[in-house]
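Asks: Got a predicted model here, sequence first, then my questions.
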Amino acid sequence: MHPYTLFDIIGPRIVGPSSSHTAGAARLGNVARRVLGQPVCEAEITLYGSFAKTGKGHGTDKAILAGLLGFAPDDLRIRTAYEEARAAGLEVQVQFSAQEAAHPNTARIRAKGADGRCIDLVGVSLGGGLIEVRRLNGMEVIFRCEYPTLLVFHQDQPGVIRKVTEVLDNEQVNIAFMRVMRNTKWGNACMILETDNPVPPACVEAIRKMHPVIREVCAL
């Protein structure tokens, strides 16, 4: 369980009326951009629950779009996110869904980069600017980006976790929290490693070279 501080409760400095509907939304968009690993050229944003009901008035759609553009939650350009997106060549569609979601502040972000790479992320805003990503590219995950986070998508088989953690150990990267999610035994799996210090690019490349067991690596 992640500990909460006074600053988590008060929330961050933001643009907009709500830390959950604007700051958290902007962070979700920013995480989607970082997972994609390149500027976003096309995006489809779907809002659910409270996000869908009050998101337009609170600027939730603008906040997520601003995050996709790489803007921080306190960036004044959130207010003109649609104009900024047009200037950047980012095509966006926003849907306000009546469908129920497990959490009232839920957003689904589908984004595409210039090279055709796509990501599909479902996340929630927990309040105070805190977020939690719960699905990524069809796989159940759980991470909040409160720590440097390494995502390793791989085939579920013995020895993979040991090999990945050995690479981190060799570079003195300490693991604070770790989860492994999988769809089925021997099927697709995702290793989520939250670390005390950022994972060096050399580690990321070393893990990527573990083909064909390793399918994708993303450092956040």
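Replies: Looks like it arrived, so ask away.
Asks: Could I get the full set of strands for the protein?
Replies: For the chain, the strands defined by DSSP state E cover 40-48, 91-96, 105-113, 118-127, 130-136, 139-143, 149-155, 175-182, 188-195, 214-219.
Asks: What angle do strand 149-155 and the last one make with each other?
Replies: Put plainly, it is strand 214-219. Angle, strand 214-219 to strand 149-155, by axes from the mean of the first three to the mean of the last three C-alpha atoms, to 10 degrees: 180 degrees.
Asks: Next: the longest one.
Replies: Here the directions of strand 118-127 and strand 149-155 differ by 140 degrees (the same axes, to 10 degrees).
Asks: List the pairing partners of strand 118-127 within its sheet, with orientation.
Replies: Strand 118-127 pairs in its sheet with strand 105-113 (antiparallel), strand 130-136 (antiparallel), by DSSP bridges.
Asks: mind giving me a markdown table with those strands and columns for distance to residue 161, mean neighbour count and mean pLDDT?
Replies: C-betas here are computed from N, CA, C, even on glycine. Shown next, in a markdown table, are those (distance: least, C-beta to C-beta, whole Å; neighbours: other C-beta atoms under 10 Å; pLDDT from 0 to 100):
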| stretch | distance to residue 161 | mean neighbour count | mean pLDDT |
| --- | --- | --- | --- |
| strand 105-113 | 29 | 22 | 98 |
| strand 130-136 | 19 | 21 | 97 |
